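Kindly return the folded structure for what I paste below:
(2 chains)
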Amino acid sequence: MSAVLSEKWVEIGNLDEIPKLGSRVVRTASDEIAIFRAADDRVFALSNRCPHKQGPLSEGILHGHRVTCPLHNWVIELENGQAVAPDVGCAKSYPVRLEGEMILLAI
Amino acid sequence: MKERLVLIGNGMAGVRTLEELLKLEPDKYEITVFGSEPHPNYNRILLSPVLAGEKKFDEIVLNKREWYQQHDITLHAGSPVVEINRVKRKVLAADGTEAAYDRLLLATGSSPFIIPVPGANLEGVISFRDIHDVEQMLAASRQYKRAVVIGGGLLGLEAANGLIKQGMEVSVVHLMETLMERQLDAAAGAMLKRSLEENGMHFLMGAQTDAILGEERVTGVRFKDGSEVKADLVVMAVGIRPNIELAKQAGLYCERGVVVNDTMQTYDPRIYALGECVQHRDTCYGLVAPLFEQAKVCANHLAELGYGRYEGSVTSTKLKVTGIELFSAGDFHGDEQTEEIVFQDQAGGTYKKLVIKDNRISGAVLYGNTVDGAWYFQLMREGTDISDMRESLLFGEAAHLGSSGHGGQSKASAMGDEAQVCDCNGVCKGDIVKAITSEGLFTVDDVKAHTKAGASCGSCIGLVEQILANTLGGDYSAPEAKPICACTDFTHDQVRSTIREYELIDKQAVFDKMDWRTPDGCHVCRPAINYYLISAWPGKAQDDAQSRFVNERVHGNIQKDGTFSVIPRILGGRTTPDELRAIADAADKFNVGEVNLTGGQRINMLGVKKEDLPAMWAFLTERGMLSGHAYGKALRTVKTCVGSTWCRFGTQDSTGLGIKLEEMTWASWMPHKFKMAVSGCPRNCAEATIKDFGVVCVDSGYELHIGGNGGVKVRATDVLCRVTTEEEVMEHCAAFIQLYREEARYLERTAPWIERVGLSDIKKRIVEDVRGRKALYARFLESQEVAQHDPWTARAKGAEAHEFTPIKQIGE
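Below you'll find the predicted structure:
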C-alpha cells in the first residue's frame, strides 16, 4: 500500500479509540472518511457514503471485512469499497495503515 | 493431496450440491463430473417454456462451461458412466474415461416411464424429459399436425400446452377420470379441464392405451375399447422412475430408488446419492424443492461438518400453463378423520378446499385464486392451530390482515409485465420474471437480493412467490425451517434454545458452539443473537453495542440524510406546559429542522446532527424528560384518550392507567417494536384494537386485547380476557410482554407470532395458568430492574462518548 506522491500520511488516532467491529469518522475539508476496525484489528478507510444512496457507512454493522449500510442494507467490501453482488457500486477507499497502535491515513 | 470427489449426473441436484459444497469448502476436493447429456447443467423445469417457444435453450443453462473451469471442475459431458468399481474406488464411462474417487456422489435422476405397448418404439413416439425430447417435439411440430399426449398429469399437460403453442392439434389421453389426480380433487380437476378445453386442448378421459399404430412412423393410437385416434406425434408422459441401474450393478442397496439415510448416504459410506434417483424414508421425490434441501444436507456432510439432517419434504405443486392458477399441497383428499372447508364459484372460476385434521390444515387445493397458497402451506407445515381463524380462513390472509400497498392485486398471472409488484422499490413483474430466468433464481430470497422486490416492507411477498411459482412452475416451495441467515443452517428457535440449554452468555460462545460459518456473523444474525442473549440472561449477558442496529446503538432514529430524530417520552400521552417549553427550547437551541407529531402521541424533532445528540439529551433530561425509545425494538408508546377524568363517556381513568403501564414497561427490549393503547370506553378513541397490547375500558372493568397491528398488514386485536382491577391489567400486560419476549422470534411482531402459535395457546398461558402468569410477571419485573435506565441521561453524562465525535478533524 504505497501512497502516491501527492498523498500524505496523517496520524489520526490510536487503535483503541475505535471499538472492535466499530467505526469512527475523520473529517477533512473535502470528505468525511469512515475508519473501520475489524475483529482481527485490521483497519480500513472508506468515504463515508454508500454508493447506493449516500448512507453513512460508519454507522453500519461490521462483519468480517465488510460493512452493511444502515439505510438499505447494501453490503460493502472494506478492502476496496465495492458493493457485494448482486448490488453494484463502489465507495472511494483510502490507504490506511497501523504503526504500532497509531492509525495512519493517507489523504 | 486433495481428496477426489466424483459426481455422476450433471443435473440440477448434483450440481446444486457442488455449489453448496463450494460455499462451505471451496478447496477440499478435486471434483470430476460425468453427465450423459452433451450439455452443461440446465434448468430442467424450464423445458416447458422452451417447448412453448417462450425461451431459448441458452437462457435456461444454469452453469455455463466457464463455471466448471472457474472452479477447476473436470466435466465429461455426453459421457455416461457405465460402471462403478467400489473395490478399486473408480468409475468407468462409456467412452473409456476412468476416474478414481474418495467420495462418490450419485445424482442419476430418473427416466420417463414408457408404457410397454406394441408400437412404443415407433418413430415419432417420444417422452418429455430432456432438451433432446424438446428439440424432437419442436421439429415434429414444424412438419406434422396431430399430437397425442398420453398422461394428463403435470408434465403431460405442460407438454400439451407447449405443442398447442407450436400450432399442433393436441389430444390428451388420461387413464383416470380426473386430470392431475395426484394433485387435484375431482372439482378442481374439472375446472382445470374446462379452461384447458377453452385453450383448444382435447381430452380422452378414462382411456387405456392398447397399442401405438404405424409402420415406421406413428400414425395413431388404439385404446382398450377398440377406438382409435390419428396421431403424427405421441408424447408419453405417464410418470418417471428413478435411474438405479448403475447403483444396482455396483451392489448398492436399492428398492424403488437408491436407499439413503438422513445424511444422504447410501449403504456404502463413501457413496452419497440425492435427487430423483433416491428413496428416502420410503419416498421418491420428483420435484425440485426437495432436491435443493437434500443438496444442502449432502454438501454439509461432504464438507465434513456433520450436522445437517434431511428429514423429508412437504411439497406443493403449481402448473406452469399461462393463465391458469392452481395450487395443491399435502393430503387434499381427506378421510374419515378429516373435515373440509370449501368455497366454490363455478362461474367466477374459483375453487378453494382446505382439508382440516385436528384443527390443523393437512391439505389444500386452490384453483383460480392461489394468492394464499403460500400462507396455507406455511400454516400446514408449521402445524398451526387454526380453530381461532376458522371462520375467515378461506378468505385468506388478507381477510383479517388487510394489506396496504400493491393495490389489492392478488393474481400475478393477470398482471402485465409492466405492472408494478413492489411499490416500495418500484419493481415490475417483467423485471422479476427476467431475473428469475436469466439469473437462475429459485427462492424468494434470491429474488429479493437480485431485484429488491419484497425487500422493504414485504407486503408483496405473496405476489413475488406467485410469480416465482408461475415462472418456475411445477415445484417451487419454500424450505421448511429457514436458517437465521447465510452464516448458519440453524433456525432462530434452535439458536435460542441452544443459548438457554448451554447457558451461553456472549456471541462468540454462540458462534463457537454452533459452528458459525463466518468469524463474526453478519448484520442479520448479530442483532438477533444479541437480543436472545440479553433476554435470556438479563444482567448476566453483556449488551453488545456493535451488534445493535445504529438506531439502538445511538438511541435516535437515523434519517435518510444521516441526521437523527429525537423523540422524548411523554408518558401516556399526557404532557405539561413545562415539558412543551423544554421541547420547544431544545428545538430552537439545536436548530431542529422540523417538529412533527407522531401517531403515538409523541413529539418528533427531526434533523439533529449526531454530535449534537448528547448536548440535546442533557438539555431535555435536565428538564425531566426521558428517551422515548422511538428508535428501538422496544416498548414504544402507550397511547390514551382522556377517559373518565374529563370525557362524558369515559368509564375508567384511561390516561392514568396508560401512564402506569408505560412506567412499568419503558426501556424493555423486545423481539420487535411494541405499541400499547388504553381507550376509556368502547368508542375506542385511542385505537387500542390495532395495538400489540390494548386496553378498552368498560363499565365493569377492562377488556384486554392482543396482537393488533396498524402497519403493512392491518390486523385487529384478539380479545385476551376481561379483568376488573388495574393491578390485574398490569399483571396480564407484563406477563404477555414477557411471553412475547421469551418466545417470539427476533423481528416477529406480536400479530404474526400469535398467528403462528395460536391464540388458544396464549390464552392458556396468560389467562388460565395463574401460576404461569405470575411467574412471567415476576420475570418481566426482574428484567426491568436491569433494563430500565435512561440511555439519554447516561450519554448526556458522557457514556459512549466516542460514538458521537469524529476521531479526528483535518483542516477547518
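
tell me the SS of B:R771?
Per DSSP: H, G, I helix; E, B strand; the rest coil, the secondary structure class of B:R771 is helix.

That one: how many residues sit nearby?
Number of residues near B:R771 (other Cβ atoms under 10 Å in any protein chain shown) recorded here: 7. The C-beta positions use only the backbone N, C-alpha and C, and glycine is treated the same way.

for the one 3 residues further on, same thing?
By the criterion of other Cβ under 10 Å, B:K774 has 13 neighbours.

measure B:H705 to B:M380 for me?
28 Å (Cβ to Cβ, to the nearest Å).

what about these two, which has more around it?
The neighbour count for B:H705 versus B:M380, taken as other Cβ under 10 Å, is higher for B:H705 (25 against 22).

what's near enough to touch the nearest residue to B:A667 once chain neighbours are set aside?
Among residues not flanking B:A667 along the chain, B:Q788 sits closest, at 4.6 Å (Cβ to Cβ, 6 or more residues apart in numbering or on different chains). Applying Cβ atoms under 8 Å, 6 or more residues apart in numbering or on different chains to B:Q788 gives the contacts B:W666, B:A667, B:S668.

Make sure B:H672 is actually in contact with B:K633.
Yes - between B:H672 and B:K633 there is a contact under Cβ atoms under 8 Å: 5.2 Å.

The nearest residue to B:C641 once chain neighbours are set aside is in what secondary structure piece?
Setting aside the residues directly before and after it, B:C641 is nearest to B:C685 in space (Cβ to Cβ, 6+ apart), at 4.1 Å. Using DSSP states H and E, B:C685 falls within no helix or strand.

tell me the pLDDT at B:C685?
The model reports B:C685 with a pLDDT of 95.

before we move on, what about B:D431?
Listed pLDDT for B:D431 reads 88.

and it, what is it in contact with?
Taking Cβ under 8 Å, 6+ apart as the criterion, B:D431 is in contact with B:T451, B:A453.

Need the three-state assignment for it.
Assigned by three-state DSSP, the conformation of B:D431 is helix.

Run through the residues of the stretch 501-650 of chain B sitting next to chain A.
Applying Cβ under 8 Å from any Cβ of the partner chain, we find that the stretch 501-650 of chain B lies next to chain A at B:518-523, B:526-527, B:545-547, B:549-550, B:554, B:558, B:560, B:562.

Those in helices, which ones?
Using DSSP state H, the subset of those located in helices is B:R526, B:P527, B:V550, B:V554.

Ignoring the adjacent residues along the chain, who's closest to A:E79?
The shortest distance from A:E79 to any non-neighbouring residue, by Cβ to Cβ, 6+ apart, is to A:H65 (5.8 Å).

who touches that neighbour in this structure?
For A:H65, the contacting residues are A:A38, A:R42, A:F44, A:E77, A:L78, A:E79, by Cβ under 8 Å, 6+ apart.

got any ranges where the chain has weak pLDDT?
Just so you know, I chose chain A. Low-confidence segments of chain A, defined by pLDDT under 70: A:1-6.

Switch to chain B, please.
Counting by pLDDT under 70, chain B shows low-confidence ranges at B:320, B:322, B:398-411, B:413-414, B:459, B:473-481, B:812.

domain parsing for it?
What automatic domain parsing lists as the domains of chain B is B:3-110+B:242-302, B:125-238, B:492-548, B:550-629, B:633-798.

just so I know, which of those domains lies nearest A:E7?
A:E7 lies closest, by Cβ to Cβ, to one member of the domains of chain B: domain B:550-629, at 26.3 Å.

quick revisit: so the residue nearest to B:C641 makes contact with B:S679?
Yes - B:C685 lies in contact with B:S679 (Cβ under 8 Å); the separation is 5.9 Å.

quick revisit: state the pair within the contacts of A:H65 that is farthest apart.
Maximum pairwise distance among the contacts of A:H65 (Cβ to Cβ): 12.7 Å, between A:R42 and A:E77.

thinking again about what came up before, what's the separation between the residue nearest to A:E79 and A:D40?
Taking Cβ to Cβ, one finds A:H65 at 9 Å from A:D40.

got it, and B:T443?
B:T443 sits 32 Å away from A:D40, going by Cβ to Cβ.

Of those two, which one has the most company?
A count of neighbours by other Cβ under 10 Å puts B:T443 above the other of B:T443 and A:D40, at 18 against 10.

Contact partners for the closest residue to B:Q208 other than its chain neighbours?
Computed as Cβ to Cβ, 6+ apart, the closest residue to B:Q208 that is not its neighbour in sequence is B:K224, at 4.3 Å. If you count contacts by Cβ under 8 Å, 6+ apart, B:K224 has them with B:A207, B:Q208, B:T209, B:D210.

Buried ones only from those, please, as a ChimeraX command.
Selection of buried members from the contacts of B:K224 for ChimeraX, criterion 16 or more other Cβ atoms under 10 Å in any protein chain shown:
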select /B:207,209,210
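
What I need now is the contacts of B:K224 written out in TSV, including secondary structure for each item.
Converted to TSV, these look like this (three-state DSSP):
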residue	secondary structure
B:A207	coil
B:Q208	coil
B:T209	strand
B:D210	strand
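
Just give me the closest of the contacts of B:K224 to B:E304.
Distance to B:E304 across these (Cβ to Cβ) is lowest for B:T209, with 50.0 Å.

Tell me what that closest one is bridged to.
Counting by DSSP bridges, B:T209 is bridged to B:F223.

contacting residues for B:S644?
B:S644 makes contact with B:G650, B:T651, B:Q652, B:D653, B:S654, B:G680, B:C697, according to Cβ under 8 Å, 6+ apart.

Same check on A:P70?
Counting by Cβ under 8 Å, 6+ apart, A:P70 touches A:G55, A:P56, A:E59, A:G60, A:I61, B:F549, B:V550, B:I558.

Good, we can wrap up now.
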